[in-house]
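Asks: what shape does this take:
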Amino acid sequence: MVPVVFVVTIQIRSMDNRGSQGSASGPAAEPGPSGGSAPLNARGSAADSSLPPLIDAATARSPYDPAVADRAVQFPGSLFDGRFWQLGFAFLSFLLTSLAQVLLPDKSLDEQQRLRARAVAVRQLLEDLGPTFIKLGQFLSVRGDLLPEEFAQELSLLQDRVPPFKVEQVKETIRLDLGGMPLEIFAEFDAEPI
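Replies: Predicted coordinates for the structure are as follows:
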C-alpha cells in the first residue's frame, strides 16, 4: 500500500508484426536452427518459440475506457468500491480524532506539543491513504513556506521512513500492467527494497 523503491534493470523488447520477440538492447540474437537469428529472452538466451508473446491478452489489464471509469465513480458504483471505504474510514477517523483534540485538549501538553501531535496525525493519515497521498506529503515537507515547522518536520519522515509493502504486490502489478512476471520482462529484479 505504500511505495517502496525496487531496483529494476529494464531490457527493452520490441515486437515485430509476426509477434516474435526481439531485444532492442542486450546481446545479439543467436543463430537459429534454420540459419536465421532466434530472438533472445530477458536473460540473453535464445527465446523458446512456444512461449507466449510478451503481452498476453488474458493476463494484461483492459485498456482505459472513460465510460467505465465514469460509471465506477458515480454514486451507486462507488459504494461497492473498497478503496472508497478505505479513504472514507481514514478521513473520518482523522476528523473525529482532530475534533476530539480541539474540543477536549490535553491540559498536560503545551501548544507546541499539541501542534506536534496534529502533525503526527496528518502524517499517519497520509500513510493510511496510500502512495498518492504519501507523495503529496513528501512534496509538502519541503515547502516550509506553506506549513508550520512542526508539520514540515513530521512530513519529512515520509521522505525515507515509509513502511514497505509486500514484493508480491509489486510482482502482481507488473504482471497485470506489463503482461509478464518481472524476471521475464526485466534483465534484473531485486526483491529487497532500498
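Asks: and Q113, what element?
Replies: Element membership for Q113, per DSSP states H and E: helix 111-129.
Asks: please pull up the helix or strand immediately following that helix.
Replies: Using DSSP H and E, the helix or strand that directly follows helix 111-129 along the chain is helix 131-141.
Asks: which other helices and strands contact that next one?
Replies: helix 111-129, helix 149-155, helix 157-160 (3 or more C-beta pairs under 8 Å, 6 or more residues apart in numbering; DSSP states H and E). Where you see a C-beta, it was placed from the backbone N, CA and C, and this is true even at glycine.
Asks: how close does Q74 sit to A67?
Replies: In this structure, Q74 lies at 11 Å from A67, with C-beta to C-beta, to the nearest Å as the measure.
Asks: follow-up on the earlier one: between the helix holding Q113 and helix 131-141, what angle do the directions make?
Replies: Counting by axes from the mean of the first three to the mean of the last three C-alpha atoms, to 10 degrees, helix 111-129 lies at 150 degrees to helix 131-141.
Asks: hmm, which helix or strand of this protein has the shakiest average pLDDT?
Replies: Within the chain, confidence by mean pLDDT, DSSP states H and E is lowest for strand 13-15 among all helices and strands, at a mean of 39.
Asks: ok so, going back, out of the helices and strands packed on helix 131-141, which one sits most buried?
Replies: For those, ranked by mean neighbour count under the definition mean count of other C-beta atoms under 10 Å, the leader is helix 149-155 at a mean of 19.
Asks: who touches it?
Replies: Taking C-beta atoms under 8 Å, 6 or more residues apart in numbering as the criterion, the residues outside helix 149-155 that touch it are 112, 115-116, 118-120, 122-123, 126, 137-138, 140-144, 147.
Asks: average pLDDT across the longest helix along the chain?
Replies: Longest among the helix segments of the chain by residue count, using DSSP state H, is helix 82-103. Along helix 82-103, the predicted confidence averages to a pLDDT of 88.
Asks: same thing with stretch 182-190?
Replies: If you average the pLDDT values across stretch 182-190, you get 88.
Asks: show me which positions of it end up buried.
Replies: Of the residues in stretch 182-190, those buried under the neighbour-count criterion (16 or more other C-beta atoms under 10 Å) are P182, E184, I185, F186, A187, F189.
Asks: repeat for stretch 94-105
Replies: Buried residues in stretch 94-105, counting neighbours by 16+ other C-beta under 10 Å, are found at F94.
Asks: need the distance between the two termini of stretch 120-139.
Replies: Taking C-alpha to C-alpha, to the nearest Å, the first and last residues of stretch 120-139 lie 16 Å apart.
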